[in-house]
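>>> Sequence and predicted structure are below.
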Amino acid sequence: MASKTLHVYRASDGKWAVKKAGSRQSTFSTRQEAVRTARKIAKRQREAQVVTHGRNGQFVVTDVRGLPVIQKPPKQSSLGTARISKAISDTLLKRLQTA
């Protein structure tokens, strides 16, 4: 099953990258260009979502087409919502870079 998520994140060279699991990344000089390109790609697909990874490790779902919206973490947690979001984002980026 092909991935339906396009990730926008800061690449190791300092540029912004757009990548879908299992495919090559495209890099852009600005975050806006990367998000714009990811949204164009998502619009051509029946089901897709665009996830933007921030500098602080948290991610934001910026566009969803034909898929259920990812729920926000609970407001109260013994681990802290920021730590949970960062851990999820770190795991996603590691998997994406090895895909």
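That came through fine. Small disclaimer: the values here were computed from a predicted structure and weren't measured.

>>> Identify the residue nearest Val64 in space, chain neighbours excluded?
Spatial nearest neighbour of Val64, chain neighbours left out: Gln49 (4.7 Å); criterion: CB to CB, 6 or more residues apart in numbering. In short, each C-beta sits where N, CA and C put it, glycine included.

>>> Can you pull out the low-pLDDT segments for the protein?
Scanning the chain for pLDDT under 70 picks out the ranges 1-2, 57, 67-81, 97-99.

>>> Could I get the full set of strands for it?
5-10, 16-20, 26-28, 48-53, 59-65 (DSSP state E).

>>> returning to what we had before: quick check: the residue nearest to Val64 touching His7?
No. Counting by CB atoms under 8 Å, Gln49 sits too far from His7 to count as a contact (9.7 Å).

>>> These two: which is more packed in?
His7 (25 against 22; other CB atoms under 10 Å).

>>> show me what contacts that one?
By CB atoms under 8 Å, 6 or more residues apart in numbering, the residues touching His7 are Ala17, Val18, Lys19, Lys20, Val51, Thr52, His53, Leu92, Leu93, Leu96.

>>> Repeat the analysis, applying 10 Å as the threshold.
Residues near His7 by CB atoms under 10 Å, 6 or more residues apart in numbering: 17-21, 25, 34, 38, 49-53, 59, 89, 92-93, 95-97.

>>> Output the longest helix belonging to the protein.
helix 81-98 (DSSP state H).

>>> could you give the angle of that one to strand 59-65?
70 degrees (axes from the mean of the first three to the mean of the last three CA atoms, to 10 degrees).

>>> Return the set of buried residues in helix 81-98.
Ser85, Lys86, Ser89, Leu92, Leu93, Leu96 (16 or more other CB atoms under 10 Å).

>>> which one of those residues sits closest to Gln45?
Leu96 (17.7 Å; CB to CB).

>>> Leaving out sequence neighbours, find the closest residue to the closest one.
Leu96 sits nearest to His7 (CB to CB, 6+ apart), 5.5 Å away.
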